[in-house]
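Colleague: can't give you the sequence, but here's the structure:
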RNA sequence: GCGGGGGUCGCCUAGCCUGGUAGGGCGUGGGAUUGCUAAUCCCAUGUCAGCAAUGACCCGUGGGUUCAAAUCCCAUCCCCCGCGCCA
C-alpha cells in the first residue's frame, strides 16, 4: 500500500506510475472515495462527541438521583442516527480499501520505462557460455536417460507441471538447499522454515489481489492458502509489530516449498521441470530502515550473484522495465542463467525492493526509542536459489559427452559424488 | 477432542463479580529542582480526521443486549495447565 498522504497530496505521482506500468486503474474514483471517507469520519466523530457528552450527563444525573428520562430518549435518537451514519461510513471505507489494496507500488526513478520485458536492460554479464564438442541435449532427455526424473507418472497422479525427482537428482536438489543455507548462514542471515500455508489476511499483506487468482492455491474449507514462496510467510511474520531499531536490518534466509498455479502461462515451458507447480526455494528476505533499503537491495543482488559464481553458472543481470515490474515492487533485478539446452538465458532470480508497500499492509513498524514516532520499515526479497530452475541450468551446462552430469564443485561434498 | 485458566495503549499490571467511557509501574524522551555521574517531582509516549485548536477511536477478533460495554450475553481465534488421542 502506498502512503495515503502521497495519494492525497501528490496524485500526479500515482497517475504517472499507473501509466508507466500500463495498468488500468480508476484513480479518480479512488480520490473521490478518499475525500468522501474523510468527510464521513468528521461527521461520525462529531456525533460520537455529542453522544459521549450526553452519556456523561446521564451518568451525572443518575448519580445525584435526578430523573434522566428525557435525556435518555434523546440519546436513543442520537444513537440511531449514529448507527446509520456509521454503516454508511464503513461501506465507503470498505470500497476505498478494496481499491487502494489493488493499487500497485510506486516505481523507482532508476527503472527504465517500457511496455514489457522487451524494455528490460542488461546490467551486466558474468561467466563464459560453455562450448560443447558434441551434440547437446536438454535437461529432460539427460535426466530421463539417467533415470533422474519421471514426468509421465507425475502427470498421471497430479497433472501437468509436476514431477517425480529420482535418485541422485533428489540428492542434487537437497545439496542445493544445503549449500544455499550454509552460504547464507555465513552471511549472517537467520534461518527460517516458515508455515507453508497462511491465512488470507497474511497473504493479502504480501501480494496484490490478482495474484490470488493467478498464482495462489487455496485450501478447501479453511482460511488457508499455500505459499507461493517463503516471502509470503516471512513478510507476515512480524505483522502488527513494532520492531526495535537496534535489531535492524533483519536478514532472513527462508527455506520452503513453493506452490504456484502458473495460470496464464499456458503453453510456455510446457515440458520438463523449468516451470512447475511446486519447487523448493531458499529466499533472502530483509526488513530495513527506509534510508538503508537501496543499499540493501544492491547487497542482496551481489549475494545472489556470488552464489551463481561459486556454482560457475554463467548469468546476466537484468533491470526490469516499468511494464514488466511486479505490482508490489518498486525496482527489480532478475538474474538470468545460461541454460545450454535452451540456448538462452532464463530467469532464476528475482530481487526486489518493495519499500513500505508490504509493511504498510501488514503494519510492520520500528522505532529506536520507545517514545519515538513509529516508522514503517522497508521490505526486500530476493531468490537465492529456486531449486528446479537451477537444476535445469546445472543439468544442461554441466552435461558430459557420455550423457552424464558433472557436479558443480561446491555441491560435491553434499552429494559425495562429482559425477551423476 | 474434553475440562480448567488466560489474552488490557512498547513491556509488566489494575479494573471485569456490582456497566457510566482505561489507572499504576517499567522503559524512553523532554522539563523542573537540589552545590556535583544520584534522588525527587511534572509533562509526553498507540491509531484516525484536522493546517491547527481539538475531537474520535483503541482492552485478541466479530456480533448482540443497553441511553451507555474492557466490564453482561453469543460466536470465533490464539496462548498456558491437566486428561485423551497420535506422526
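Modeller: Ah, there it is. Since we're looking at a predicted model, the values are computed, not measured.
Colleague: can you list the residues of the stretch 101-250 of chain A near RNA strand B?
Modeller: Residues of the stretch 101-250 of chain A found near RNA strand B (C-beta under 7 Å from any atom of the strand) are residue A:242. Every residue, glycine included, has its C-beta placed from N, CA and C.
Colleague: Where does the stretch 101-250 of chain A get nearest to RNA strand B, residue-wise?
Modeller: Nearest residue of the stretch 101-250 of chain A to RNA strand B (C-beta to the nearest atom of the strand) works out as residue A:242 at 5.0 Å.
Colleague: can I assume that residue sits in a strand?
Modeller: Yes - assessed with DSSP: H, G, I helix; E, B strand; the rest coil, residue A:242 lies in a strand.
Colleague: got any ranges where the stretch 201-350 of chain A has weak pLDDT?
Modeller: By pLDDT under 70, the stretch 201-350 of chain A has no low-scoring segment.
Colleague: can we see that at 90?
Modeller: Residue ranges of the stretch 201-350 of chain A with pLDDT under 90: A:201-202, A:204-206, A:208-214, A:218-224, A:238-248, A:262-272, A:291, A:341.
Colleague: same check, this time on the stretch 1-150 of chain A
Modeller: Low-confidence segments of the stretch 1-150 of chain A (pLDDT under 90): A:1-10, A:43, A:46, A:49-95, A:97-101, A:130, A:133.
Colleague: need the strands for it, in chain order.
Modeller: Secondary structure of the stretch 1-150 of chain A (DSSP state E, counting those that start in this stretch): strands at A:121-126, A:149-150.
Colleague: what's the answer for the stretch 151-300 of chain A, then?
Modeller: A:164-165, A:190-192, A:197-198, A:225-226, A:241-244, A:250-259, A:278-288.
Colleague: most tightly surrounded among these?
Modeller: Mean neighbour count, computed with mean count of other C-beta atoms under 10 Å, is highest for strand A:278-288 among these, reaching a mean of 23.
Colleague: Who are the packing partners of it?
Modeller: Strand A:278-288 is packed against helix A:168-186, helix A:230-237, strand A:250-259, helix A:293-311, strand A:378-386, helix A:387-397, with contacts defined by 3 or more C-beta pairs under 8 Å, 6 or more residues apart in numbering; DSSP states H and E.
Colleague: Run the angle between the fifth one and strand A:278-288 for me.
Modeller: The reference is to strand A:378-386. Interaxial angle of strand A:378-386 relative to strand A:278-288 (axes from the mean of the first three to the mean of the last three C-alpha atoms, to 10 degrees): 150 degrees.
Colleague: in its sheet, what does strand A:378-386 sit against?
Modeller: Within its sheet, strand A:378-386 is paired with strand A:278-288 (antiparallel), strand A:344-353 (antiparallel), according to DSSP bridges.
Colleague: possible to save the ones you listed as TSV with distance to residue A:119?
Modeller: Below are those laid out as TSV (distance: least, C-beta to C-beta, whole Å):
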stretch	distance to residue A:119
strand A:278-288	26
strand A:344-353	16
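Colleague: quick one, which of those is nearest to RNA strand B?
Modeller: Closest to RNA strand B of these is strand A:278-288 (C-beta to the nearest atom of the strand; 16.5 Å).
Colleague: The closest one relative to helix A:230-237, how many degrees between them?
Modeller: Per the same axes, to 10 degrees, the angle that strand A:278-288 makes with helix A:230-237 is 40 degrees.
Colleague: ok now strand A:278-288, how far from the chain's centre?
Modeller: Its chain's average C-alpha position is 9 Å from that of strand A:278-288, according to C-alpha atoms, centre = their mean, to the nearest Å.
Colleague: Could you do stretch A:276-294 as well?
Modeller: How far stretch A:276-294 lies from its chain's middle: 8 Å, per C-alpha atoms, centre = their mean.
Colleague: Just name the most buried of the strands of the stretch 1-150 of chain A.
Modeller: Among these, the stretch with the highest mean neighbour count (mean count of other C-beta under 10 Å) is strand A:149-150, at a mean of 20.
Colleague: Any idea how far that strand is from the middle of the chain?
Modeller: Taking mean C-alpha positions (C-alpha atoms, centre = their mean), strand A:149-150 and its chain are 30 Å apart.
Colleague: Then stretch A:69-85?
Modeller: Using C-alpha atoms, centre = their mean, the offset of stretch A:69-85 from its chain centre is 47 Å.
Colleague: which outside residues touch it?
Modeller: A:40, A:43-44, A:47-48, A:50-51, A:54-55, A:57-58, A:61 (C-beta atoms under 8 Å, 6 or more residues apart in numbering).
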